[in-house]
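K.L.:
Sequence first, then the predicted structure, then my questions.
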Amino acid sequence: MTTTSPAPAAPRAAQEEPLLRLTDVRKYFPVGSSRLWERDRAVVHAVDGVSLTVARGETLGLVGETGCGKSTLARCIARLYDLTSGEVWFDGQDISRLSRRRMRPVRRDVQMIFQDPYGSLNPHRRVGSIIGDPFAIHGIESRRSRRQAAQELMERVGLNPEHYNRFPAEFSGGQRQRIGLARALALRPKLIVCDEPVSALDVSIQAQIINLLADLQQEFGLTYVFISHDLSVVRHVSDRIAVMYLGKIVELAPTDELFELTRHPYTRSLLSALPAPDPDTADSRERIVLAGDVPNPTRPPSGCRFHPRCPKAHLDCAASEPPLLPVLGDGAEHPTACFYPLEPGEDLSLAVSEFAPAAERPRGGTGDTP
Amino acid sequence: MALLEVSELEVSFTTSDGVVQAVRGLSFDVDEGRTLAIVGESGSGKSVATQTITGLTRGATVRGTALFRGRDLLAASPSELRRVRGAEIGMIFQDPLSSLHPYYRVGWQIAEMLRAHDRSFSRSKARARAVELLDMVGIPAADTRVDDYPHQFSGGMRQRVMIAMAMALNPALLIADEPTTALDVTVQAQVLNVMRRLQQDFGTAIILITHDLGVVAEMSDEVVVMYAGRAMERAPRRELFYEHHHPYTEGLLASLPEQGGTRERLTPIPGAPPSLIRLPPGCPFAPRCPYAWDTCRHDPPPPLAEVFGDPHHRSACWLSGDREVRRQQRETVRGDLQEPA
């Protein structure tokens, strides 16, 4: 909140207007009990100045650990939360301040699917009505044709249309995720925000849903914002990936480039922590084990928020916040928020943070300057 | 002799819908200082099996034997089991928050556990040992954190506390049931490191129950793949990943996104696992198996037969145990699967 980083150079005029554009989006949540309300209330900086664009037909992956703000950002995009500040532009329109009523037509175009296929479906309602509800709410289709439309959707997502009258409890996790998808598809949206859509599913079922998402994207020309903590899944589905840490994007790049030309030490640490389902890779690769946990988002660290855990932090990393800009000659499509980005081939496991206790450092230096 | 030798374990539960056959004829063993991974999807019986061995399944019908240091745990009395649990077999679970009592200080809980097993431990000695244990699992400032409550720890730190508690009496076997599933990858890496280090220092055997094949590749020496209550394949780690025999293992590995990150279609296993109340008569995987023929649908395959001429590699499948024949079949099936895109 103290420093406003310059908005990253959006490739604005480069192509047609993107479907979705976020400008310096912030979402803060007050925490603590109301009895203390006279004192300064603590505030969680869940999303703290995120700017990005999503092109039509593209899949943008959002990765990060618990508490990095990726789900909050998703809910800001779908306007399930009001923003603290910043703008969300969807299809050429600023939707960040629209009233409930004015928002309604936009809701048809922006849909969301959730992680928990058990918690996101009303257990007391039949599957057919769950899928048909969007038609009713938006006043389209007669009651009779609603049933037909719902059954067509069920068939399209791989459910048996004869199960129209069943309850969610009668379906498995994978099938429930299909129900969620059918509901999201009902109004032919342009954008679907997928918040950890396969994280609760077993691997064999996970692959079914990922394939289905890919097919639907092609068939309906959908745009996805795909959120997951599982890098291998995000890598598989995304055209571009944004890595978040404590409410901010630390690196954003086309998928292959993010993996091959990783710039941010946090991105590299995430990649190296991901267990590879391959013994040869598991045995041979560089393993960077970050110290500590993600810090408390009510009091994020000064400067670069990653500096207390960064294997190659310098003293000045704590002083000011690195802007999200292309580094080391990268193109505009690959910005990184780091003062000391990784060179190709740089071995991060040998790096020593200047904040590490003196004993661990090769040569003595000044102590910690918090 | 192996540290733990489980044979022909059967566990079933009687419910109002019918009898749930959670584990059906499972056999495996674990040697000292080794890590056995048990992988499987939800409902495969991987957790029920180990919980039964330690006497934590109530109301189940259990058959078979589980010899731990020569003693059958399934025939042991509750008080005998109580002595074994904690002292000789440590356990950690997926959700550390629900395994710790929210009202008591973490150090007190560890100390109490020590004193429950050994009354000669004085309060102060037990507390000192708790600090030592918290330090051992990498909790910073252990001498002050020992007086914190569980909610004051993060998920990764809580799991370390659980590991500290499980390792308190230096057990010969640690059963870790999805120990890192609820954790972020960077924290998972820390916790796995702690487990690796403790195993090296104390020679603890580990049974690691997980659905994550990445964790299996990182941690295990041997792997048992379970499906619908049965062991489908059992092999040393490398053989399982590179020379698997069972079609279910093949299907699991094929459904993972490729490491190279191509955006080609994934190869899921079609369908869903069978109900454990109404199991198919033959091989439980037959309805989803691309290799299945009539025999598979009618006769259950023999449990874990030797394949590829390797006594350590076993598979419960009617398919040929000849490496070359199996390889050719795989190529034919892979061709068929890729045809209709």
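P.N.:
Yep, that arrived.

K.L.:
which ones are touching residue 291?
P.N.:
No chain in the question, so chain A it is. When contacts are counted by Cβ atoms under 8 Å, 6 or more residues apart in numbering or on different chains, residue A:291 touches A:309, B:190. Glycine gets a C-beta too; all of them are placed from N, C-alpha and C.

K.L.:
ah, no, chain B please
P.N.:
Residues counted as contacts of residue B:291 (Cβ under 8 Å, 6+ apart) are B:247, B:319, B:329, B:333.

K.L.:
With pLDDT, neighbour count and secondary structure as added columns, please give those residues in JSON lines.
P.N.:
Below are these laid out as JSON lines (pLDDT from 0 to 100; neighbours: other Cβ atoms under 10 Å in any protein chain shown; DSSP: H, G, I helix; E, B strand; the rest coil):
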{"residue": "B:247", "pLDDT": "95", "neighbour count": "28", "secondary structure": "helix"}
{"residue": "B:319", "pLDDT": "92", "neighbour count": "20", "secondary structure": "coil"}
{"residue": "B:329", "pLDDT": "89", "neighbour count": "15", "secondary structure": "helix"}
{"residue": "B:333", "pLDDT": "82", "neighbour count": "15", "secondary structure": "helix"}
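
K.L.:
show me which of those neighbour chain A.
P.N.:
Contacts with chain A within these, counted by Cβ under 8 Å from any Cβ of the partner chain: none were found.

K.L.:
quick check, nearest of those to chain A?
P.N.:
Nearest to chain A, judged by Cβ to the nearest Cβ, of the contacts of residue B:291 is residue B:247 at 11.8 Å.

K.L.:
farthest pair in the contacts of residue B:291?
P.N.:
Greatest spatial distance in the contacts of residue B:291: B:319 and B:333, 10.5 Å, computed using Cβ to Cβ.

K.L.:
Next, residue B:91: phi, psi?
P.N.:
Note on residue B:91: its backbone torsions stand at phi -140, psi 140 [degrees, to the nearest 10].

K.L.:
gap between the nearest residue to it once chain neighbours are set aside and residue B:56?
P.N.:
Of all residues not flanking residue B:91 in the chain, residue B:175 sits nearest, at 4.7 Å (Cβ to Cβ, 6 or more residues apart in numbering or on different chains). Noted for residue B:175: a distance of 10 Å to residue B:56, by Cβ to Cβ, to the nearest Å.

K.L.:
Which one of these two is surrounded by more residues?
P.N.:
residue B:175 (28 against 15; other Cβ atoms under 10 Å in any protein chain shown).

K.L.:
Spatially central residue for chain A, please.
P.N.:
residue A:62 (3.1 Å; Cα atoms, centre = their mean).

K.L.:
and if you look at chain B?
P.N.:
Closest-to-mean residue, chain B, Cα atoms, centre = their mean: residue B:209 / 1.9 Å.

K.L.:
what about that one, which helix or strand?
P.N.:
strand B:205-210 (DSSP states H and E).

K.L.:
if you average pLDDT over the following helix or strand past that strand, what comes out?
P.N.:
Note on strand B:205-210: by DSSP H and E, the next helix or strand toward the C-terminus is helix B:213-219. Averaging pLDDT along helix B:213-219 yields 94.

K.L.:
what's helix B:213-219 packed up against?
P.N.:
helix A:279-284, strand B:35-39, helix B:185-202, strand B:205-210, helix B:237-242 (3 or more Cβ pairs under 8 Å, 6 or more residues apart in numbering or on different chains; DSSP states H and E).

K.L.:
Closest approach to chain A from the stretch 101-250 of chain B, which residue is it?
P.N.:
residue B:214 (3.0 Å).
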